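[1] what follows is a predicted protein model with its sequence.
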Amino acid sequence: MKISTRQVDGITVIDATGRITLGDGDALLRDTIGLLANTHRKLLLNLAEVSYIDSSGLGVLVGAYTTVRKQGGDLQLLNLTKRVRNLLQITKLYTVFTVSDDETAAIKSLNMTPEITLPVLVDHPYGKAGLERAAQPHVVV
């Protein structure tokens, strides 16, 4: 797998080429997006030259999306091949990602999307333990 990056109107475009599979580019893509997410909030992943993605590669895409979103950014997918598009539809991940076939439209969309800023809770009536408890998922049986 080969990866290159470029800037277009303030958006970081990541051009991926090859296969995103276990041991064949998954770590490279994960690490690249992880590093970019620290300084670039809006990423566009161009998959036009990606011929195949396995389950490990899907995990990388989901992990990258989660990492970018936690940093307050956005990750969109661009130019999916028919095979990759079908895979995302079968796994229902097509509904998670914003997908575009037009780079100009995708860049415009990303530039219109405000960055996400998460509120910082300074005071909580129950202290730090209360904040941690509030962050835990609630299960009702």
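    Structure's in. What do you need?
[2] surely residue 64 and residue 27 touch.
    No - using C-beta atoms under 8 Å, residue 64 is not in contact with residue 27, being 11.8 Å away. Heads up, the C-betas are built off the backbone N, CA and C, glycines and all.
[3] please identify which of these two sits among more neighbours.
    Between residue 64 and residue 27, residue 64 has the larger neighbour count (other C-beta atoms under 10 Å), namely 22 against 13.
[4] can I take it that that one is in a helix?
    Yes - using DSSP: H, G, I helix; E, B strand; the rest coil, the assignment for residue 64 is a helix.
[5] ok, the residue nearest to it when sequence neighbours are not counted to residue 62 distance?
    Spatial nearest neighbour of residue 64, excluding adjacent residues (C-beta to C-beta, 6 or more residues apart in numbering): residue 33 at 4.1 Å. Residue 33 sits 11 Å away from residue 62, taking C-beta to C-beta, to the nearest Å as the criterion.
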